[in-house]
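Asker: Dropping the sequence and predicted coords here.
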Amino acid sequence: MADALATTGSSLPPAFDPAPTVTIVLSTYNERDPLIKPAAPDLSLLATSKAEYVAIAGFRASAVWQAGFVLLCVVTGGVLWIMTTWWPQIYTYLARVRVRSLGVADIVLVRDSHGLMHECAVVHSEGGMVRTFEWKHQRYLYIQQSGSFERVPAMLLDSLESVTRSLQTGLASSVVADRTAFYGPNTMELKTPSLIRLLVEKVVHPFYLFQLISVALWLEEAYTTYALAILAMSISSIAYEVHSQVTNASQMQALVACAIQVQVKRDGGVQSVPASALVLGDFVLVQEQVVAADMVIVVGECMADESSLTGEAIPVSKQPSHDDPTKSVLECHKSSVLCAGSTVVRVKGDSVWAVVTRVGFSTTKGDLLRQILYPDDVPFQMVTDSYRYLLALSIVAGLTSLQRIYDAIQAHSTLGDLVISVFDLISTTIPAALPMILTVGVGFSLTRLQQARLCCIDAQKINVAGHINCFCFDKTGTLTSDHLDFEGVDMCDGSPLTTKPTSRDVEYALASCHGLSVDDQGVVAGYSLERDMFAATEYTLSATTNEVQSPNGGHVSLRYDRRYPFDAALQRSSVVVQASNEPHFRRIYVKGSPEAIADICTGIPSDFYARVHRYASEGLYCVALAMKKMDGYEPATSRATVESDVTFLGFLLFLNPIKAASRGVIETLERANIDVRIITGDNALTAMHVARELNMHLTTSMLYLDVSPSDGSIMYQLYPTSTTWLALGDLDTLLDLDFDLTITGAALDVVIASSLPPLLVSRLVQKAKIFARTKPHTKTWIVGRLMDAGLFVGMTGDGTNDCGALKAAHVGLALSDAEASIGMFLSSAAQIGLGVVRRRVEVRSAVVVAPFTSRGKAIEDVVALLREGRCALTTSLLSFKFMVMYPIIETAMVAYLNHMQASFSNNQYLFGDMFVVLGMSVLMLQTPPAANLTKARPPTSLFSPTIVWSVASQSVVFALYFSATLAVAQRQPWFCALPDVAAGRAHCYPYRPNESGDMTTHAFEVSIVWLLGTPPLGSVSKKYTCLGHWHYVVLAIAFNLNDPFREPAWHNRAFVLYTAAVGAILLGLVLWPGNAMAVAWLDLTTPLPLSFCFEMAASCALALVTAVGVEMAVRITFAQS
């Protein structure tokens, strides 16, 4: 089938790249409408991105082939149609005609990165000049030049220059109509299938279909009670699933709906239109309301709350872009971009205008929503391994079925009895409850995480958290407090450190060089560093004018002409201000990292780097400050010109105290042999100081790698033993030294750009414990390289600079107290069954920058998450073992009885399946996580030695116990074998076959296998004991003994009480006489001698001790290995 698909010729990019690689298809520029038109496509400046599919094939509709498919469905009794609901490509290949060229296709079949197929209809414009289809809420356009479909996001590629030229008139109505026709409305509509379709999809799902077939056959053989119970559960699950899906869809639609009116400039005037009518290139009057599309500010300033998108609770300032006007509007700095879904909280000045750059699902909000709708599947080995075990069980089912067919033929059984007995064996060997039990434990973990204020939007990641062996931390706001205390200014002129600047330039710089804002109540909002810096000047910030006012009724005010926000790539921010008493020139103030400021200064003190080194080694956060005066400043002046040839003023020093809980968290992780790394944008010496304060396990001296300021080559020193920088020679030899490593982002950039062997780069990253001065994309690269090295990587951070790393890691934990989010009504589904029954957990406050969010911004939640992950993973492994042993035990019992032409009664099946196995298997999963992290880790695979040897050894224990009991019974003088009784050769008890004359439930073998014991024949009182069903209790106890990842079993009171009750009932059937009602209900009509019952009671105790001993031996053996 794969050969029938034409591959795209390139590897699939990340499914939901927030910044997709954009190409430009060149053609003749059309000034009136640079975008494609439905009737006559013009490909100039058309944004295209790599397709999200792996392969694509073209088809066309055919009435003949469609009729043939319908005929095949009828001939197969609907089986073929059911198969097409599981594999849609079957319908496409049987009911469509394949075409060679995608350019003539009416239908396309696309294959995603997970191998799943999807059929999509191709839409033709008038004249057939434009062919498009939609998949995953993205439009694909057929490109004649490439002969394939390319993804066409709704993005505007116009330059800033061309946009500003059109500001006076706006778009023409004809342009608006063309763009609406091609890209559609500015909405994010989520289509919900009809109720009938949803019901059909649920019913034909393999899980439910298997259940319904089972119910039908069970009802046929009068297994009514259990059949009705399963039917009721299935109907309830289907109803709940459909209801949840419809409810979630409506809630999600309500969340993404934007039913507001906006003011736009069109045809030379201002019009009021609904948000859904916005198109690319529209000029929108920004108001204090929700932002309806991604936009770039072109006139004016405003404040926006982006907490629903980034988790950053501080409103950010938005202003016109100061980038190169010839660049595309998509390349504007984020300080100029209003993202859909954010909220404008303040508009400065009379009017603020912005141009629409993205609409619909191509917006920032749309990208986040698509990540929710189409999440990346976690490559989890346990899922694959579980299907391998099911395959093995299926083989066992096939072999036992063949044996049953042979026995039934020999016994001249009817065809109906044969079919029913064979299906009983199959349904016993492959328990339908296995998928449900495998994942229900994750549901309990989700609930506990919710109670701990840890939000989760991807339930699969909980199990992955159990594998984490490397955890990366951002520093500022994560390991340290989210506020910085202003310690003062060092003027580098010999004067002492002061918090009250005496220099007018420094005073002006502290008062103006920031991105703070103030509301109507006078509350200053912004980052703590800038708030403390500003507060030291006692200046006031105006809520109505764009200026700051000197204190104590002073007459000097500083009016902003331009603010250049902090740029992570440049490592600095700046402002252009004019003092009220200096009308003829502007003052430019720049602050940033010492390295970045040194690069743009005309000169720096001779001890500049020595001071930086000293402050950083003392753990102080050091910010350099510079300024210059500029005559004849023009708004069009580039940022590079503004931030050049500046005069150094001094250092701003801040203390960033370590959080009280950070030391305990690091100690806990390292005690559990979890590798701890720090990835920060701060100075390397400051990071090393913090690491020492946290008592991280580091060598006394560390290799410190940075780049030479003179030639950009990598150099190193052994810090703090030596202050001498040495040129890097043989990196391989350096990495062999027994020292931990600290490396800067600049040095990493050199490494990335070099031609070093990948293995050497991997060694470098693995040896580094501290990564300093890293930019956001470098953080993501570091996490990716650690994962490539085979580590299971966790990442935690609190800022937008960490988003890429949080998403890239196996497990990302965002520290955010944001109270609104696009994930507000997202239902994290702990999938039960084969992905069909879901446990709905509402996430009402989670940011979609990471799968986990700590609403309390607590660093301790790292440990809580790992504890819960290990607990959930262990619970899944435990439930798997128990649910594999369950069919092994029951299949052995049923196969043996069937071979003897006997079987359990319906009530006996019901008691074992529902009251013993199902009850204990669910309750055992509620055990909470262990209080401490240990060095031991859960197995990473179901085929790990611990799991395999546990299942194998317990199977041997049961086999010995089972065969020994039967062997002992068969040597008793009172025992009569069922074949002898049926043939009339023995007369220990009357032979009573079932009504069909096939198997019987009245035999010694039935009593021995299921329940053992009554008084000697003829006694009035009755006693009975257990064999197979007692072993379920034995395994439940053995598997749930205390392990390093969960609390001791007695902390799970529900499980302990239920298991004790089941065990007491089963043993009571041995030792409690006169329970005639239970005997009648359980159909135990073939009594056994009392002496044998007590022997079997002793064997039950021996089986428990043996199973527990074997399980402990397996754990100890492989824990040591």
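Answerer: Here it is on my side, so go on.
Asker: May I see the domains of the chain written out as residue ranges?
Answerer: Annotated domains of the chain cover 2-153, 194-256, 261-373, 485-490+504-631+648-655, 912-929+955-969+1005-1121 [automatic domain parsing].
Asker: which one of these is the most hemmed in?
Answerer: domain 261-373 (a mean of 21; mean count of other CB atoms under 10 Å). For every residue, glycine as well, the C-beta is placed using N, CA and C.
Asker: end-to-end on it?
Answerer: 27 Å (CA to CA, to the nearest Å).
Asker: One more: stretch 155-173?
Answerer: 19 Å.
Asker: just how off-centre is that stretch within its chain?
Answerer: The chain centroid and the centroid of stretch 155-173 are separated by 39 Å under CA atoms, centre = their mean, to the nearest Å.
Asker: okay, and for the stretch 201-350 of the chain, where does confidence drop off?
Answerer: 226, 308, 310-314, 323 (pLDDT under 70).
Asker: My guess is Ala579 contacts His555. True?
Answerer: No - contact between Ala579 and His555 fails when scored by CB atoms under 8 Å: they sit 10.5 Å apart.
Asker: How much space separates the residue nearest to Ala465 when sequence neighbours are not counted from Pro939?
Answerer: With CB to CB, 6 or more residues apart in numbering as the criterion, Ala465 has its nearest non-adjacent residue at 2.6 Å, and that residue is Gly869. Counting by CB to CB, to the nearest Å, the gap from Gly869 to Pro939 is 14 Å.
Asker: list the helices and strands the strand or helix carrying Leu1066 packs on?
Answerer: Element membership for Leu1066, per DSSP states H and E: helix 1053-1071. When contacts are defined as 3 or more CB pairs under 8 Å, 6 or more residues apart in numbering; DSSP states H and E, helix 1053-1071 packs onto helix 919-923, strand 1025-1026, helix 1028-1039, helix 1090-1120.
Asker: if we can go back for a sec, out of Gly869 and Pro939, which sits in the busier spot?
Answerer: Between Gly869 and Pro939, counting by other CB atoms under 10 Å, Gly869 is the more crowded of the two (27 against 20).
Asker: Ramachandran angles for that one?
Answerer: Backbone dihedrals for Gly869, given as degrees, to the nearest 10, come out at phi -60, psi -40.
Asker: repeat for the one 10 residues further on
Answerer: Per-residue torsions, Ser879: phi -60, psi -40 (degrees, to the nearest 10).
Asker: what number of residues lie near it?
Answerer: Ser879 has 23 nearby residues by other CB under 10 Å.
Asker: Which residues are in contact with the nearest residue to it once chain neighbours are set aside?
Answerer: Leaving aside its sequence neighbours, Ser879 sits nearest to Ile437 (CB to CB, 6+ apart; 4.6 Å). With contacts defined as CB atoms under 8 Å, 6 or more residues apart in numbering, Ile437 is in contact with 879-880, 882-883, 921-922, 925.
Asker: would you turn those into JSON lines with distance to Cys601 and pLDDT?
Answerer: As requested, the contacts of Ile437 are exported to JSON lines (distance: CB to CB, whole Å; pLDDT from 0 to 100):
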{"residue": "Ser879", "distance to Cys601": "64", "pLDDT": "86"}
{"residue": "Phe880", "distance to Cys601": "64", "pLDDT": "85"}
{"residue": "Phe882", "distance to Cys601": "69", "pLDDT": "90"}
{"residue": "Met883", "distance to Cys601": "69", "pLDDT": "85"}
{"residue": "Ser921", "distance to Cys601": "70", "pLDDT": "87"}
{"residue": "Val922", "distance to Cys601": "68", "pLDDT": "87"}
{"residue": "Leu925", "distance to Cys601": "63", "pLDDT": "89"}
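Asker: okay, and for the stretch 501-650 of the chain, where does confidence drop off?
Answerer: For the stretch 501-650 of the chain, counting by pLDDT under 70, the residues that fall below are 553-554.
Asker: any idea where the helices of it begin and end?
Answerer: 504-512, 528-535, 594-600, 608-617, 639-642 (DSSP state H, counting those that start in this stretch).
Asker: May I have the strands that pair with whichever strand or helix holds Leu703, each with its orientation?
Answerer: With secondary structure defined by DSSP H and E, Leu703 is part of strand 702-707. According to DSSP bridges, strand 702-707 forms sheet pairs with strand 714-719 (antiparallel), strand 740-744 (parallel).
Asker: Does the residue nearest to Pro320 when sequence neighbours are not counted belong to a helix, a strand or coil?
Answerer: Excluding its sequence neighbours, the residue lying closest to Pro320 (CB to CB, 6+ apart) is Ile297, at 5.1 Å. Following DSSP: H, G, I helix; E, B strand; the rest coil, Ile297 is assigned to strand.
Asker: Ile297 touches Val286, doesn't it?
Answerer: Yes - using CB under 8 Å, Ile297 is in contact with Val286, at 7.4 Å.
Asker: who's in contact with the closest residue to Val1108 other than its chain neighbours?
Answerer: Setting aside the residues directly before and after it, Val1108 is nearest to Ala1038 in space (CB to CB, 6+ apart), at 4.8 Å. Counting by CB under 8 Å, 6+ apart, Ala1038 touches 954, 1104, 1107-1108, 1110-1111.
Asker: run the last query once more with 7 Å
Answerer: The neighbours of Ala1038, taking CB atoms under 7 Å, 6 or more residues apart in numbering as the test, are 1107-1108, 1111.
Asker: what does Thr540 give?
Answerer: Taking CB under 7 Å, 6+ apart, one finds 548-549 in contact with Thr540.
Asker: Residues in a beta bridge with Glu301, which ones?
Answerer: Beta-bridge pairing of Glu301 under DSSP bridges involves Lys348.
Asker: circling back to that earlier point, which stretch in the helices and strands packed on helix 1053-1071 has the least confidence?
Answerer: Ranked by mean pLDDT, the helices and strands packed on helix 1053-1071 bottom out at strand 1025-1026, which scores a mean of 42.
Asker: anything in contact with each of Ile297 and Val286?
Answerer: In contact with both Ile297 and Val286: 352, 354, using CB under 7 Å, 6+ apart.
Asker: Serialize the domains of the chain to JSON lines and add fields for distance to Pro945.
Answerer: Putting the domains of the chain into JSON lines (distance: least, CB to CB, whole Å) gives the following:
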{"stretch": "domain 2-153", "distance to Pro945": "30"}
{"stretch": "domain 194-256", "distance to Pro945": "31"}
{"stretch": "domain 261-373", "distance to Pro945": "37"}
{"stretch": "domain 485-490+504-631+648-655", "distance to Pro945": "46"}
{"stretch": "domain 912-929+955-969+1005-1121", "distance to Pro945": "5"}
